[in-house]
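Visitor: Generate a structure from the sequence data that follows.
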Amino acid sequence: MSAVPVVAPAQSITLPALTGSWSRTLLVRADGSRDTGTQVTWLQAGSAYVDLRQPDRPAPTGPLACLDRSGLLRLLEQEAFAGTLSLTGEVAEWHRSIDLTLSAPLGDLGRLHLEGERLVEDGVHEVYLEQWERVARGAYIGLQLSNGETPAVLARVGSVFGWARGRSVRLPAGTDLVELVSRVPFEEAVALLDVEICLGTVDERGWIVERSTLPHGVGRDLRPELLPDGTVRTSDLTPAGETLSRVWHIGTSEGDASLLDNRGLQ
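Guide: I've put the predicted structure just below:
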């Protein structure tokens, strides 16, 4: 007799069950085409999340202000967004307080099916299927932050972190960002692209950025620090590549506050 395959039981879809770092292994689109080459990582920390999707080809290099317009447009080949996740049964909605390319005008909803460390997502407003594998789990912290009208998200699970800082300029509803970046004066185009969504690792060096929507952001230490007045300070970069500090007010905080440590060591 042949052995009967063992199938892991489906798990309830809850925020604790989803918390971790996930790598997408497959996308099947409505037309049947498949994508296994795009590098996609989704980090979930309580309700806070950061999602970064980058094409499988070299990105432009150098600070935003030093790129030409074609380089700026190539940055829009990425997809990246962050915010909060809410659940209604098995349906998840990723609310995007920060979105590089404005790629979900109908909202971002998916029906989830979880078996062990594998997750299948079916689109609600669009027809697609995504398969995910969990690559990290552990204690977490998730923060929703703001600096004036600029939102930010900081998420950490174990030694993996995600950071997202929104653009400081307002975009009208229905904006075609590619068209806008193509035609506005160059300085305005740079401001439209001055939004960072990145992922990295916390180790003895600090919080080191390994992937970023901003080419000049890779390799730096984010250096988050909880200040005595309850605000959070981070290290950032100007479009010209100069280092500056930003101070953020905490909107919501979830998880283990001890993980918000400048060196990140336990």
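
Visitor: What does the pLDDT read for V7?
Guide: Predicted confidence (pLDDT) for V7: 51.

Visitor: which stretches of the stretch 151-266 of the chain aren't confidently modelled?
Guide: In the predicted model of the stretch 151-266 of the chain, residues 173, 262-266 satisfy pLDDT under 70.

Visitor: residue ranges for the strands of the stretch 51-200 of the chain, please.
Guide: 79-88, 91-99, 109-115, 118-123, 128-136, 140-147, 150-157, 160-165, 196-203 (DSSP state E, counting those that start in this stretch).

Visitor: And for stretch 103-122, what's in contact with it?
Guide: Residues outside stretch 103-122 that contact it (Cβ atoms under 8 Å, 6 or more residues apart in numbering): 7-13, 17-18, 22, 79, 81, 90-96, 123-126, 128-134, 174. To be clear about C-beta, it is placed using only N, CA and C from the backbone, and glycine gets the same treatment.

Visitor: Can you select the buried ones from these in PyMOL?
Guide: The PyMOL selection below is limited to those of those classed as buried (16 or more other Cβ atoms under 10 Å):
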select buried, resi 13+18+22+79+81+92+93+94+96+123+124+130+132+134
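
Visitor: Of all the strands of the stretch 51-200 of the chain, which one is nearest A65?
Guide: Ranking these by their distance to A65 (criterion: Cβ to Cβ) puts strand 196-203 first, at 14.3 Å.

Visitor: got the buried residues for the closest one?
Guide: Buried-residue list, strand 196-203, by 16+ other Cβ under 10 Å: 196-202.

Visitor: Could you do stretch 101-117 as well?
Guide: Buried, per 16+ other Cβ under 10 Å, within stretch 101-117: 101-102, 108-110, 112, 114.

Visitor: Just the residues contacting stretch 35-44, thanks.
Guide: Taking contacts as Cβ under 8 Å, 6+ apart, the residues outside stretch 35-44 that touch it are 15, 18-27, 29, 49-56, 85, 132, 155, 157, 160-162, 199, 211.

Visitor: L145 and I250 touch, don't they?
Guide: Yes: assessed by Cβ atoms under 8 Å, L145 is found in contact with I250 at 6.0 Å.

Visitor: Need the residues touching each of those two.
Guide: Residues touching both L145 and I250 by Cβ under 8 Å, 6+ apart: V232.

Visitor: Among the two, which residue is more densely surrounded?
Guide: L145 (27 against 15; other Cβ atoms under 10 Å).

Visitor: residues contacting that one?
Guide: So L145 contacts 151-154, 232, 248-251 (Cβ under 8 Å, 6+ apart).

Visitor: Show me where the stretch 151-266 of the chain has its helices.
Guide: Secondary structure of the stretch 151-266 of the chain, counting by DSSP state H, counting those that start in this stretch: helices at 177-183, 186-193.

Visitor: for the last one, packing partners?
Guide: Looking back up the chat, that one is helix 186-193. Helices and strands touching helix 186-193, as assessed by 3 or more Cβ pairs under 8 Å, 6 or more residues apart in numbering; DSSP states H and E, comprise helix 69-75, helix 177-183.

Visitor: Dump those helices to a markdown table, plus distance to H216.
Guide: Formatted as a markdown table, the helices and strands packed on helix 186-193 follow (distance: least, Cβ to Cβ, whole Å):
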| stretch | distance to H216 |
| --- | --- |
| helix 69-75 | 11 |
| helix 177-183 | 18 |
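
Visitor: looking at these, which is buried most?
Guide: Among the helices and strands packed on helix 186-193, helix 69-75 has the highest mean neighbour count (mean count of other Cβ atoms under 10 Å), at a mean of 16.

Visitor: Dump that helix to CSV, restricted to CA.
Guide: Presented in CSV, the C-alpha positions along helix 69-75 are these (Å, rounded to 0.1, in the frame of the first residue of the first chain):
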residue,chain,number,x,y,z
ARG,A,69,14.6,61.2,-14.7
SER,A,70,14.8,57.7,-16.2
GLY,A,71,16.5,56.6,-13.0
LEU,A,72,13.6,58.0,-11.0
LEU,A,73,11.1,56.2,-13.2
ARG,A,74,13.0,52.9,-12.7
LEU,A,75,12.4,53.2,-9.0
